[in-house]
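**Student:** Structure for this input, please:
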Amino acid sequence: MQAAIIEEVIGDFVHLKRSGSSFRGLSPFANEKTPSFFVVPAKGIYKDFSSGKGGNVIDFIMQHERLSYPEALRWLAAKYQIPIEEDREASEKDKEERTERENISIVSEFAHKWFQEQMNDTDEGQAIGLSYFQERGFREEIIRKFQLGYCPDHWDWMTKASLQAGYSLAYLVKAGLTREREGVPYDFFRGRVMFPIHNISGKIIAFAGRTLKAEKEIAKYFNSPESELYHKSQVLFGMHLAKNAIVKYDTCYLVEGYTDVISLHQAGIENVVASSGTSLTEGQIRLIRRYTPNVTILYDGDAAGIKASFRGIDMILQEGLNVRVVLFPDGDDPDSFARKHSSEEITAFIAANAQDFIRFKTSQLIEEAGNDPIKRAGLIRNIVESISLVPDGIQRSVYVQECSNLLHISEQVLISELNKVITSRYKKKTKEELPVLDETPADGIPDEQTAPEFSLYHQEKDLIRLLLMFGEKEIQLAAKGENDEELIQDTTIAHYLIHNLKVDDLNLETSIYSRILEEYQELLGNDQPLPAHQFAHHADPEVSSSTSDLLSSPYFLSENWSNRHQIYPETEEMNLRKTANECLYRLKLRKVMRMIERLEIEIGQPNQSEATIDELLEEKKALDQIKGALAKYFGSVILK
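**Tutor:** Just a heads-up that it's a prediction; the model follows:
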């Protein structure tokens, strides 16, 4: 925990930009276009205001990578090269309790190393697997960089090796490494060169295997099936190696195949990823958006490549990204082009040939339409459909102007058609999302006695927030000495809040806040230091998550108030005694109002004796006076 730098760890998954004393980025847990994910290094916490998730660095790894607490610790230890001494007995117990996801990960890692050993250390692997990659022009260092391998062309060699190493056949099957035919296991990838697929942190999650046989009936590529570990719609091949370059150059090159990515890397172009042999998905586009809003699609110059780019363009536009397209000369794809040109030549070619989607789509479709007015009208509608997907109104306006100039058609006509498309889509979406309403009687007035009680949740939350944020801060209180002389006494916010709770015999009702208070009091009694990050780094994920929630805010006071305008707004810390009193009084007022509500319900019960009602009324009168005094403190009027 001491070695882990939270912004460094989370920065492996989210592109973070400094925002005051914090860092901000797009949520990795929710689909958002405006960043609401914050990392606060000083407190060692993160908070995602889109999904509500938060906590310390361990919590993030557990939630993002879906790991158990021990596995998250091992992940961090591996990142910072810290050896962990495992207790053998505890390790065996932990092995039994591993999740399915963890077991699939373990067998995948074993297979990954085995594939590399087979290619590099055996005669068959060198003669078939390694020679194939060398014939493709891949240098030794690039083969190592992408950890390429080979699965021997034998029925069950990999499966037998895994079983002999103590791995379970069930998890080999779930990982897609082994298949069974009439109960007999065999290697799914046998006779194929292996492309390991990594998640964003560089962990092996799946494989792609390419056959070296020429038979047309044999599928060229096999991919691992979906599993607890691998969801292909959320993964981009090469992203773990590309993310830093994508941030550096503020653009992402998107290609189709594995060898396209590898060849471009070998040519020195690293900000490139592939859609892993699948059609582009929303999840993959959102993954790119975490690092850059700019995408350049590099596709083959054939008809299939052009159609593929059309499908991808519309999806990228809908997610609010800026998209450009580059088509390579006939007969070339990114792989072959990269093998024939230097990094500078490739970069220059892309810069000279990248077109925005309007120009690209128009140039490709205009030839097909020719002078046929019906086809030209269809072309215009096709492009307007694409423009309508752009969420930003200013960008849509710019694209309309460009489309008008290219197609020699009135802007007003295009705007009119655009509005029709947007309106139609909105109506359709609204109709689909319209909720089904329960039938309720017109005069269905809720029974006052069943109305929800006054909750103390928000007041208790605020009290614990003050305790964690300012517990060690000192305030001064007026006191009287033995001879009634005026004294000034120093105390901490923690002692002041806890003392007030004890005097009024107030217990917190929200379970998590009660637990934090109890542990805080215990540590305070032992004179231990109580910085907030002690709770932010708590082993209990619920405590650390709640702490990050309490200590985080998406808002901060702009320095311009003081620097430009010489206005100095009062903050909580400037007058902590007032802040603490207001917090306590709000909690008490809420509690008193709930007590009054319960008394009113009891007074209204039938068959109450006159004496009981009088007694209850007296109690209510006393509480009303307390409520009035507390309300007066806040300068408010409470009608009920």
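**Student:** where does Val173 fall, helix, sheet strand or coil?
**Tutor:** In three-state terms, and counting by DSSP: H, G, I helix; E, B strand; the rest coil, Val173 is helix.
**Student:** List the residues that contact it.
**Tutor:** Arg179, Glu180, Pro185 (Cβ atoms under 8 Å, 6 or more residues apart in numbering). (Each C-beta comes from the backbone N, C-alpha and C, glycine too.)
**Student:** Can you select the buried ones from those in ChimeraX?
**Tutor:** Buried residues within those, by 16 or more other Cβ atoms under 10 Å, are selected in ChimeraX with:
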select :185
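**Student:** Can you verify my assumption that Leu406 contacts Lys361?
**Tutor:** No - if you go by Cβ atoms under 8 Å, Leu406 and Lys361 don't touch, sitting 9.8 Å apart.
**Student:** What pLDDT is listed against Ala208?
**Tutor:** Confidence at Ala208, expressed as pLDDT, is 94.
**Student:** Need the three-state assignment for it.
**Tutor:** Secondary structure assignment for Ala208 (three-state DSSP): strand.
**Student:** List the contacts of the spatially closest residue to it that is not a sequence neighbour.
**Tutor:** In this structure, Ala208 finds its nearest non-sequential neighbour in Phe195, 4.3 Å apart by Cβ to Cβ, 6 or more residues apart in numbering. Contacts for Phe195 were tallied using Cβ under 8 Å, 6+ apart; they are Phe146, Leu148, Phe207, Ala208, Gly209, Arg210, Phe237, Tyr258.
**Student:** Could I get the contacting residues of the fifth one?
**Tutor:** Okay, so that is Gly209. Counting by Cβ under 8 Å, 6+ apart, Gly209 makes contact with Cys151, Phe188, Phe189, Arg192, Val193, Met194, Phe195, Tyr221, Phe222, Asn223.
**Student:** Filter those down to the buried ones, ChimeraX style.
**Tutor:** With 16+ other Cβ under 10 Å as the burial test, the buried ones among the contacts of Gly209 are selected in ChimeraX as follows:
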select :151,188,189,192,193,194,195,222,223
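**Student:** sorry, back to before: would you mind giving the contacts of Val173 as CSV with secondary structure, pLDDT and distance to Arg465 added?
**Tutor:** Shown next, in CSV, are these (DSSP: H, G, I helix; E, B strand; the rest coil; pLDDT from 0 to 100; distance: Cβ to Cβ, whole Å):
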residue, secondary structure, pLDDT, distance to Arg465
Arg179, strand, 94, 55
Glu180, strand, 92, 56
Pro185, strand, 95, 56
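**Student:** The residue nearest to Lys47 when sequence neighbours are not counted: how many residues sit nearby?
**Tutor:** In space, and not counting its chain neighbours, Lys47 is closest to Ser552: 3.4 Å by Cβ to Cβ, 6+ apart. For Ser552, the neighbour count with other Cβ atoms under 10 Å is 18.
**Student:** I figured Ser552 hits Ile45, correct?
**Tutor:** Yes - when contacts are counted by Cβ under 8 Å, Ser552 is listed as touching Ile45 (6.6 Å).
**Student:** mind listing what the nearest residue to Gly176 once chain neighbours are set aside touches?
**Tutor:** Using Cβ to Cβ, 6+ apart and skipping residues adjacent in sequence, the residue nearest Gly176 is Ser224, 4.0 Å away. By Cβ under 8 Å, 6+ apart, Ser224 lies in contact with Ala175, Gly176, Leu177, Ile197, Ala206, Phe207, Ala208, Tyr230.
**Student:** what does Gln116 give?
**Tutor:** Gln116 sits next to Gln147, Leu148, Gly149 when contact means Cβ under 8 Å, 6+ apart.
**Student:** Keeping just the C-alphas, turn the helix or strand harbouring it into CSV.
**Tutor:** According to DSSP states H and E, Gln116 maps onto helix 100-121. Presented in CSV, the C-alpha positions along helix 100-121 are these (Å, rounded to 0.1, in the frame of the first residue of the first chain):
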residue,chain,number,x,y,z
GLU,A,100,-13.6,-19.0,-11.8
ARG,A,101,-12.2,-15.8,-13.3
GLU,A,102,-8.9,-16.2,-11.4
ASN,A,103,-8.6,-19.9,-12.3
ILE,A,104,-9.1,-19.1,-16.0
SER,A,105,-6.5,-16.4,-15.7
ILE,A,106,-4.0,-18.8,-14.1
VAL,A,107,-4.4,-21.5,-16.8
SER,A,108,-4.2,-18.9,-19.6
GLU,A,109,-0.9,-17.6,-18.2
PHE,A,110,0.5,-21.2,-18.1
ALA,A,111,-0.6,-21.8,-21.7
HIS,A,112,0.8,-18.5,-22.8
LYS,A,113,4.3,-19.4,-21.4
TRP,A,114,4.0,-22.9,-22.9
PHE,A,115,3.2,-21.6,-26.4
GLN,A,116,6.3,-19.3,-26.3
GLU,A,117,8.5,-22.1,-25.1
GLN,A,118,7.3,-24.4,-27.8
MET,A,119,8.0,-21.9,-30.5
ASN,A,120,11.4,-20.8,-29.2
ASP,A,121,12.9,-24.0,-27.7
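**Student:** Centre of the chain to that helix, how far?
**Tutor:** Centroid displacement of helix 100-121 relative to its chain, using Cα atoms, centre = their mean, to the nearest Å, is 27 Å.
**Student:** State the mean pLDDT of that helix.
**Tutor:** 93.
**Student:** Neighbour count for Leu406 and Lys361, which is higher?
**Tutor:** The residue with more neighbours, out of Leu406 and Lys361, is Lys361; 24 against 15, by other Cβ under 10 Å.
**Student:** Next one: the nearest residue to Pro541 once chain neighbours are set aside relative to Gln459, how far apart?
**Tutor:** Spatial nearest neighbour of Pro541, chain neighbours left out: Asp59 (5.5 Å); criterion: Cβ to Cβ, 6+ apart. Using Cβ to Cβ, to the nearest Å, Asp59 is found at 26 Å from Gln459.
**Student:** same deal with Val261?
**Tutor:** Taken as Cβ to Cβ, the span from Val261 to Gln459 is 55 Å.
**Student:** Would you mind telling me which of those two has the busier surroundings?
**Tutor:** For Val261 and Gln459, the more surrounded residue by other Cβ under 10 Å is Val261, and the numbers stand at 30 against 21.
**Student:** Name the helix or strand for the more buried one, please.
**Tutor:** helix 258-266.
**Student:** Export that helix to PDB, keeping only CA atoms.
**Tutor:** The C-alpha trace of helix 258-266 is given here as PDB (Å, rounded to 0.1, in the frame of the first residue of the first chain):
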ATOM      1  CA  TYR A 258      -3.400  -8.500 -35.500                       C
ATOM      2  CA  THR A 259      -0.500  -8.300 -38.000                       C
ATOM      3  CA  ASP A 260      -1.500  -4.800 -38.900                       C
ATOM      4  CA  VAL A 261      -0.800  -3.700 -35.300                       C
ATOM      5  CA  ILE A 262       2.400  -5.600 -35.100                       C
ATOM      6  CA  SER A 263       3.800  -4.300 -38.400                       C
ATOM      7  CA  LEU A 264       3.000  -0.700 -37.500                       C
ATOM      8  CA  HIS A 265       4.700  -1.100 -34.100                       C
ATOM      9  CA  GLN A 266       7.800  -2.500 -35.900                       C
END
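**Student:** what about the residue nearest to Thr259 when sequence neighbours are not counted, helix or strand, and which?
**Tutor:** Excluding the flanking residues, the one nearest Thr259 by Cβ to Cβ, 6+ apart is Asp335, at 4.6 Å. Under the criterion of DSSP H and E, Asp335 resides in helix 334-340.
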